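*Asks:* Got a sequence here, can you build the structure:
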Amino acid sequence: MDHLSNLDAKRKGADLEHEVASDVESVRMAERVQEEQEHQIKYRTCSWQKTAGLLFSEYICLAILSFPWSFSVLGMALGVVVTILMAAIVLYTSLIIWRFCLKHPEVRDVCDIGRILFGGSDLAYNLTAIFFFFNNTFIQALHVLVGAKLLNTLSNGARCTIIFSVVSAVVCFFFALPRTLEQMSFIGTFSAITMGLAVLLAIIFSGIQGSPFRFSEELGAPLVFAGPAPGATFVTGMSAFLNITYTLGGQIAIPSFIAEMKNPKDFPKALWAVTIAEIIVFNICGAVMYHYIGVQYVTAPAFGSLTTTYKKVAFSFTIPTIIFLGSLYSSITARFIFFRIFQNSHHRHSNTLVAWATWTAIVGFTWIIAFVIAEVIPFFSDMLSLMSSIFDSWFCFIFWGMAYLTLYPGEKKWLGVGRSLETVFNWFLIVLGLYILVAGTYVSIQSIIDSYHANVVGSAFSCASNAL
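*Replies:* The predicted structure is shown next:
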């Protein structure tokens, strides 16, 4: 009885402490919003609806069209299960990020969180910053290449791919110039809507086109399997799993989004709306397109499995997403660098010539680096998988398991059955992240080796068409 009484007293004390902490967090957040009222540029201006627009633009993206390929490897049933489970984990870890940011309203981005998680270490902050920069820049580079792929597809490869890549980078540069996320939220919402239409059209076209692109009597009618496809290996199965994981795992940008909200306590509204949409859209796209295309004809992205006219129509609706999502990651990176340069300067919040010249130069720098990365690496898709394994293992799992353990230090993490189970689950997230770090790195390197053996690796700065 004494033990139960002590446990109950500890729980009540923890609840009271949580209420007091919540009040303190609200006051500290209100103070930070108030501090900006005299500034020319105010950063904490996003409503939860505008934040939802940013989240939708991040998650409702071209990578959805790779889900039919993942489903073809894992099988229909396992593909659906993995998608739902990973979406649930991303939802949970995103809520951990939100709770962590409420407790630490000084957080501007994931780099600040890296410093806090490792006891205020400047080394941890700088290493996180390096990971943060390269993660975002590789995503920008992907959009440079996808933009070139789109232009090559629509024009039947009428121009050199390098020229199309330059065009993509320049257009994205201009859309990354706004200095607040609120200014970008409308375009983000528009890009999510057009991407949703692209996915819808792709699903419809896959059903009405009759036969998939490059259909042959030799390969036969589309084959669909409930379980893993015959001949699936650990490398292909892990690649399919990681493809789903990386597409759903966009937590790296969430601290930056929360840092520009008027009322961060409303963030879960935006998060739940996006998660529900994700589960519905991702599963429908993966399952329905796999059903009509079959394991023999599926491509990633699945636009490549549509006949020429349908492919061009559906692919053209992705233009806003290709431009905006790369621009969003450029803006987030530029904001981190800009704030470091002008930590305590009035230029940080002002429309001065120095501020705008510096901001423009930083954004331009990120796109130059992205263009070079996109063109200089002939096995870019495999390299992107390798970088995702190294970075996303931390930014999707390990960091947030650690963040939970930081939120509930000492014996607090074991108060009650529910809290204890949650603590065990967060240790599982850390282990899962470490597994993805090791296994994902192995699979990516093996894929690079296989690509070289198959002689399917191109050359750097190539003019060859990369059209679907």
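*Asks:* so where's this structure shaky on pLDDT?
*Replies:* Low-confidence segments of the chain, defined by pLDDT under 70: 1-37, 157-158, 458.
*Asks:* One more pass at 80, please.
*Replies:* 1-40, 157-159, 379-380, 454-462, 468 (pLDDT under 80).
*Asks:* tell me the centre residue of it?
*Replies:* Centroid-nearest residue in the chain, with C-alpha atoms, centre = their mean: residue 250, separated by 2.9 Å.
*Asks:* Quick check: phi and psi on that residue?
*Replies:* With angles defined as degrees, to the nearest 10, residue 250 sits at phi -110, psi 30.
*Asks:* Also residue 46?
*Replies:* phi -80, psi 130.
*Asks:* Same check on residue 262?
*Replies:* phi -70, psi -40.
*Asks:* What about it, how many residues nearby?
*Replies:* 16 (other C-beta atoms under 10 Å). The way it works is simple: take the backbone N, C-alpha and C, and place the C-beta from them, glycine included.
*Asks:* Quick one: residues contacting it.
*Replies:* 33, 44-47 (C-beta atoms under 8 Å, 6 or more residues apart in numbering).
*Asks:* who wins for neighbours among the residues you listed?
*Replies:* Highest neighbour count within the contacts of residue 262, by other C-beta under 10 Å: residue 46, with 28 neighbours.
*Asks:* ok, that residue touching residue 260?
*Replies:* Yes - shown here, residue 46 and residue 260 form a contact pair, counting by C-beta atoms under 8 Å, at 4.9 Å.
*Asks:* Residues that sit against both of the two, list them.
*Replies:* Common contacts of residue 46 and residue 260 (C-beta under 8 Å, 6+ apart): 181-182.
*Asks:* Against residue 61, how distant is the residue nearest to the centre of the chain?
*Replies:* 9 Å (C-beta to C-beta, to the nearest Å).
*Asks:* list the residues that contact both of these two?
*Replies:* Joint contacts of residue 250 and residue 61 (C-beta under 8 Å, 6+ apart) do not exist.
*Asks:* Do I have it right that residue 468 meets residue 315?
*Replies:* Yes - using C-beta under 8 Å, residue 468 is in contact with residue 315, at 7.0 Å.
*Asks:* between these two, what contacts are shared?
*Replies:* Both residue 468 and residue 315 are in contact with 153, 303, where contact means C-beta under 8 Å, 6+ apart.
*Asks:* of these two, who's got more company?
*Replies:* More crowded of residue 468 and residue 315, by other C-beta under 10 Å: residue 315, with 26 against 20.
*Asks:* ok, and the closest non-adjacent residue to the more buried one?
*Replies:* residue 303 (4.8 Å; C-beta to C-beta, 6 or more residues apart in numbering).
*Asks:* returning to that earlier point: in terms of distance to residue 142, which of the contacts of residue 262 ranks first?
*Replies:* Of all the contacts of residue 262, the one with the least separation from residue 142 (C-beta to C-beta) is residue 46, at 25.5 Å.
*Asks:* Using the three-state scheme, assign the residue nearest to residue 315.
*Replies:* Here residue 303 is recorded as helix under DSSP: H, G, I helix; E, B strand; the rest coil.
*Asks:* so what's it up against?
*Replies:* Residue 303 makes contacts with 65, 153, 202, 311, 314-315, 468, as judged by C-beta under 8 Å, 6+ apart.
*Asks:* how far away is it from residue 406?
*Replies:* Relative to residue 406, and taking C-beta to C-beta, residue 303 is found at 43 Å.
*Asks:* Ok, residue 427 next?
*Replies:* 13 Å.
*Asks:* Neighbour count for these two, which is higher?
*Replies:* residue 406 (18 against 13).
*Asks:* residues contacting that one?
*Replies:* 100, 116-117.
*Asks:* Buried residues in stretch 361-380, which are they?
*Replies:* Neighbour counts over stretch 361-380 (16 or more other C-beta atoms under 10 Å) mark 362-364, 366-367, 369-375, 377-380 as buried.
*Asks:* so how far is that stretch from its chain's centroid?
*Replies:* Taking C-alpha atoms, centre = their mean, to the nearest Å, one finds the center of stretch 361-380 at 18 Å from the center of the full chain.
*Asks:* Run through who's touching that stretch.
*Replies:* Applying C-beta under 8 Å, 6+ apart, the external contacts of stretch 361-380 come out as 136-138, 140-145, 162, 165-166, 169-170, 172-173, 176-177, 326, 330-331, 333-334, 337-338, 383, 448, 451-452, 457-462.
*Asks:* Sort out for me which of the residues you listed are in strands.
*Replies:* Judged by DSSP state E, strands contain none of the contacts of stretch 361-380.
*Asks:* just checking, which of the residues you listed belong to helices?
*Replies:* Using DSSP state H, the members of these that fall in helices are 136-138, 140-145, 162, 165-166, 169-170, 172-173, 326, 330-331, 333-334, 337-338, 383, 448, 451-452.
*Asks:* Now the buried members of the contacts of stretch 361-380.
*Replies:* 136-138, 140-145, 162, 165-166, 169, 172-173, 176-177, 326, 330-331, 333-334, 337-338, 383, 448, 451.
*Asks:* need the contact list for the residue lying closest to the residue nearest to the centre of the chain once chain neighbours are set aside.
*Replies:* Nearest non-adjacent residue to residue 250, counting by C-beta to C-beta, 6+ apart: residue 58, 4.8 Å away. Going by C-beta under 8 Å, 6+ apart, residue 58 touches 188, 250, 253, 325, 328.
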